[in-house]
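Peer 1: Give me the fold of what follows.
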Amino acid sequence: MFAPERQGFFPAIWVQLLQELTTREREEFNNLTSREERVKWMYSHRFPKARFELLRAMRQEKNQEASVKKREVGNKAFVGGDLHTAMVNYSRAVVLASENTQELASAYANRAACLQRLGCPEFALSDLDLAVESGYQQQNMFKLLERRGQCLIMLKRFKEARFAFEEAISSLKLSKLDKKKRDKFLKDTRESLEKITADEDNLSESPVQVTKSTAEKQKELILNVESPNTKFEAASSVINVKYQKGRGRFVVAEEDIPVGTSLVVEKPITWAIHPERYGTHCQECLSQIKAVIPCKTCCGVSFCSIKCRDIALSSYHRYECGANHVLIASGLNIYPFLTYRLMAKYGLDHIWSLKDSLKSHDDTSGALGDSEYRTEDFINTFNLVCHEDKMDSEDHLLRTFVAVFLLKMLQFNNFFGNRTDNEKFEELSEKELFIGKLLLHFTNTFPQNVHDIALLQTSEMKRWVNSSEIKSLGAGVYPTCALFNHSCDPSFMRCNFGKGMVSVANRNILAGEEISECYGQMYYSKNLDTRRAELRKHYKFECQCIPCLENWPTIKEMQYASGGKETKHQDLMRIRCKKCRQELERLKGVKVGNILTCLVCGQETEVEGVPLAEIKEKSDLSQKLLCDKLDWCQGIEAVNDCQTVFDKYLVAPSIELYTTQISIWRALWMMVGNKKLIKGIL
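Peer 2: Below is the predicted model:
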C-alpha cells in the first residue's frame with residue numbers, strides 16, 4: 001500500500017500502530033470476520049483516533065505574497081525575452097493567487113501576453129477571459145481588449161478582432177494614461193484595424209471545407225467499436241462474458257474475430273495520476289498541460305482548461321480539495337487515491353441510494369442476466385473480483401487502517417455534510433459506517449482490478465523508434481476491461497488515449513475461444529519465474545497459461561537460439577500437420593527428424609516444407625507498414641496475411657509472430673496513444 005518512490009508519514013504511523021497493539025488486541029482484530037466489524041474496531045481504537053485527528057488542520061492555502069513575487073520574476077524574464085522562464089513563473093503566480101483578486105487577474109493577464117508571444121493565441125484568449133472573470137481593473141481593460149484583438153487576428157477571426165479593437169478604443173476613456181500614451185495606443189489600434197483584410201466578412205461567412213487527414217481517419221477507425229455490444233456499452237458485439245463456478249467470469253469470442261478489431265474502448269470509472277504529474281498533466285482528462293488552470297481554492301492540482309476544472313469542481317474535487325495534499329504527504333500508493341476519488345465522484349446521496357444493491361458481492365455480474373453493463377455503474381465496480389480470502393491478517397489490518405484514514409479525510413472535507421469546527425466524529429453514524437465498509441471493500445478490490453495509464457516518450461512522431469519508452473501517468477479502473485482473465489500471451493494489445501483505453505485484437509481469434517489480457521509482463525519480455533512471482537505478489541494466483549505451462553522462451557532467448565532475428569528450420573520444435581493441422585512435436589537431440597508423422601490422421605509433414613522465408617517476408621512487411629509508415633489499414637492486412645500462413649504451418653512462439661504482434665502495439669501508441677516528444681540522444 002506504500003509508494004516505493006515516495007516518502008510519507010503513513011509507513012511510520014503504520015509501524016507505530018503495530019508497536020502500539022497488544023497481543024490481545026491483535027487476536028481481537030484477527031477474530032473479526034466482516035468489513036463492518038473491522039472498520040468499527042479500527043475507528044474506535046485509541047491510536048488512529050488520536051493520530052488522524054492531527055490531520056484535520058492540514059490545509060494547502062493560497063499565498064498572495066508568493067504569487068506577487070513569482071509574477072515579478074516573470075515580468076523580468078518577459079522583458080528580457082526569456083519567455084520560457086516567464087511562462088513558468090506566471091503559471092506559479094496563477095496557482096498561488098487567491099480567487100477574485102487583482103493578483104490573480106494580473107497573473108492571468110501577464111501570462112496571456114506571454115502566450116501570445118509564444119504563438120499560442122487560443123490559450124492566451126482563455127487567460128484573458130480568466131483575467132476578466134477574476135476582476136481585472138477597468139482602468140486597464142483597454143490592454144486586455146487590444147491583446148484579445150491581436151490573438152483573434154492570429155486565428156483569422158476577423159469580425160471578433162474588429163469588435164475587440166473597437167471595444168479597446170471605447171474603454172480607453174476609463175484609463176489613466178497621459179495624452180501622449182493615449183494617442184500612441186489609439187494610433188496602434190487603428191493601424192491594427194486597418195490591417196484586417198477587407199474581405200473579412202466573406203472569409204468568416206463562406207463555408208469552410210474541413211477534410212480529415214489520413215491520421216485522423218485512422219485514429220477514428222481504431223477508437224471506434226464497429227459493432228457495439230447491446231449489453232456491454234464499451235465493448236464490441238463480438239465478445240461475451242461467461243461464468244463458471246470455480247473459474248469465475250471470463251470473456252469469449254462470440255464469432256471469429258479478425259486481427260486488428262477494436263474489442264473495447266473504455267473510459268475509467270475512477271482514475272488518479274501520480275503526484276509527481278500533478279503539475280504537468282490535467283487531473284480530469286490527463287492531457288499534458290500547456291497553460292495551467294488551477295483550482296479556485298487549493299494550489300495542489302492542475303487542469304488543462306476551464307472546462308476540465310469546472311467538471312472536477314462540480315464532482316470529485318469538491319471533496320478532494322482539502323485532502324489531496326494529505327494523501328500525497330501520506331506516502332500511500334495510488335490505490336487509496338482511486339478509492340477516495342470514486343467516493344468523491346459519486347457523492348454520499350447517490351451511494352447511499354444504492355445500499356440495498358451493495359449488501360452482497362455478486363461475482364456473476366456481467367455474465368448472467370441481460371441487464372446492461374455500464375462503465376459508470378457504481379454497482380459493477382463493486383462487483384469486481386476481490387481476493388479478500390487470500391489476504392493474511394496483517395494485510396487486513398493495514399488495509400483497514402488505510403480505509404479508516406480515508407474515512408477521516410472524507411469527514412474532514414464535509415463529505416457527510418456535518419463538519420463543524422467542534423465536531424470530533426467520536427462515533428460512527430450509520431452512513432459513515434456504510435461508507436467506511438465500502439472504502440475497505442475497494443481498498444481490497446482495486447489492487448486486482450487496476451490498469452496503468454501511461455504515455456509514450458518518443459523522439460519521433462512520424463515513426464516508431466526503439467528508444468521510445470512507456471512512462472506511467474497514473475492508473476484507472478475500467479469495469480469492462482477488468483472482466484478479462486490473464487494470459488502471458490494475451491489476445492489483444494492496449495494503449496491509453498487521455499484517460500481512456502483501447503484494446504485491439506493482436507491475432508485472429510476463433511469463435512468460442514477465450515479472450516485474455518496480460519496483467520503483468522508478457523512471455524517474450526520476462527522469464528517464467530519472474531512472471532509468476534509478480535502475479536503471485538500482486539494478483540494472488542499461480543499462472544497456468546500455456547506459455548507458463550510450456551515455459552515459452554523470451555524473445556531474446558529465441559533470437560539467441562536462432563543466432564539472429566529470424567527462425568530457421570533447424571530451430572523448429574513444433575509444426576502443424578499439413579492435413580489436419582494437429583501439432584507435431586520434434587524431439588530435441590534427434591538429428592533425423594525432418595519428416596514428422598501425425599498420430600491423428602497419419603499424414604507425413606516435412607519440416608523443410610514450412611515456408612519460413614515467406615513468413616519472414618510478410619512479418620517484415622507488417623512491421624514496416626505499422627511502425628515505419630504508420631499505415632494502420634495496410635499494416636493490419638499484412639499482419640493478417642502473415643498470421644494466416646503462420647497458423648497453417650507453425651505453432652507459437654516465434655520471432656515472426658512476435659514481430660507482427662509487437663508492431664500492432666507500437667502502432668497503437670504512435671497513432672492514438674498519449675505521447676510526449678522528447679529530444680533524442682545523439
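Peer 1: Go through stretch 343-357 and flag the buried ones.
Peer 2: In terms of neighbour count (16 or more other C-beta atoms under 10 Å), stretch 343-357 has its buried residues at 343-346, 348, 351. Every residue, glycine included, has its C-beta placed from N, CA and C.
Peer 1: Which members of these define the maximum pairwise distance?
Peer 2: The span of the buried residues of stretch 343-357, defined through C-beta to C-beta, is set by K345 and L348 at 11.6 Å.
Peer 1: hey, C-alpha coordinates of stretch 366-374 in CSV?
Peer 2: Extracted as CSV, the C-alpha positions of stretch 366-374 are listed here (Å, rounded to 0.1, in the frame of the first residue of the first chain):
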residue,chain,number,x,y,z
GLY,A,366,-22.0,-9.1,-16.3
ALA,A,367,-22.1,-12.8,-17.1
LEU,A,368,-25.5,-13.9,-16.0
GLY,A,369,-28.7,-12.0,-17.0
ASP,A,370,-29.4,-9.5,-19.7
SER,A,371,-29.1,-6.2,-17.8
GLU,A,372,-26.9,-3.6,-19.4
TYR,A,373,-23.3,-3.5,-18.1
ARG,A,374,-22.3,0.2,-18.0
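Peer 1: residues near V504, how many?
Peer 2: Using other C-beta atoms under 10 Å, V504 has 24 other residues around it.
Peer 1: again, but for the one 5 residues further on
Peer 2: Using other C-beta under 10 Å, I509 is surrounded by 23 other residues.
Peer 1: pLDDT score for it?
Peer 2: We have a pLDDT of 97 for I509.
Peer 1: Return the set of buried residues in stretch 496-512.
Peer 2: Neighbour-count burial for stretch 496-512, with 16+ other C-beta under 10 Å as criterion, is recorded at 496-509.
Peer 1: hey, where'd the strands end up in the stretch 501-650 of the chain?
Peer 2: 514-517, 574-576, 583-585, 595-597, 604-606 (DSSP state E, counting those that start in this stretch).
Peer 1: Same list (those) but as CSV, adding mean neighbour count, distance to D641 and mean pLDDT.
Peer 2: What follows is the strands of the stretch 501-650 of the chain, written out as CSV (neighbours: other C-beta atoms under 10 Å; distance: least, C-beta to C-beta, whole Å; pLDDT from 0 to 100):
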stretch, mean neighbour count, distance to D641, mean pLDDT
strand 514-517, 20, 22, 97
strand 574-576, 18, 17, 90
strand 583-585, 15, 22, 89
strand 595-597, 14, 26, 88
strand 604-606, 14, 22, 89
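Peer 1: Save those as TSV, and put in distance to I196 too.
Peer 2: TSV is the format used below for these (distance: least, C-beta to C-beta, whole Å):
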stretch	distance to I196
strand 514-517	56
strand 574-576	71
strand 583-585	74
strand 595-597	80
strand 604-606	77
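Peer 1: just checking, L528 touches N551?
Peer 2: Yes - contact criterion C-beta atoms under 8 Å: L528 and N551 qualify, at 5.2 Å.
Peer 1: Which of those two has more residues huddled nearby?
Peer 2: Using other C-beta under 10 Å as the criterion, L528 and N551 rank with L528 on top: 18 against 10.
Peer 1: Report the contact partners of that one.
Peer 2: 547-548, 551 (C-beta atoms under 8 Å, 6 or more residues apart in numbering).
Peer 1: my guess is Q218 contacts Q634, does it?
Peer 2: No - using C-beta under 8 Å, Q218 makes no contact with Q634, being 10.4 Å away.
Peer 1: Between those two, which is the more surrounded one?
Peer 2: Each of Q218 and Q634 has its neighbours counted (other C-beta under 10 Å); Q218 has more, 19 against 14.
Peer 1: Could you measure from the more buried one over to Q643?
Peer 2: To Q643, Q218 is 20 Å away according to C-beta to C-beta, to the nearest Å.
Peer 1: Repeat that for Q582.
Peer 2: Separation of Q582 from Q643 (C-beta to C-beta): 19 Å.
Peer 1: Neighbour count for those two, which is higher?
Peer 2: Higher neighbour count among Q582 and Q643: Q643, with 23 against 13, using other C-beta under 10 Å.
Peer 1: which residues does that one contact?
Peer 2: Contacts for Q643 (C-beta under 8 Å, 6+ apart) come out as 259, 507-508, 657, 660.
Peer 1: low pLDDT regions in the chain?
Peer 2: Applying pLDDT under 70 to the chain flags residues 197-211, 588-593, 680-682.
Peer 1: What's the separation between the residue of it most remote from its centre and M522?
Peer 2: What lies farthest from the middle of the chain is K179; by C-alpha atoms, centre = their mean that is 55.8 Å. Noted for K179: a distance of 74 Å to M522, by C-beta to C-beta.
Peer 1: tell me, how many neighbours does G246 end up with?
Peer 2: Using other C-beta under 10 Å, G246 has 4 other residues around it.
Peer 1: now swap in G436 and tell me
Peer 2: Count around G436 with other C-beta under 10 Å applied: 26.
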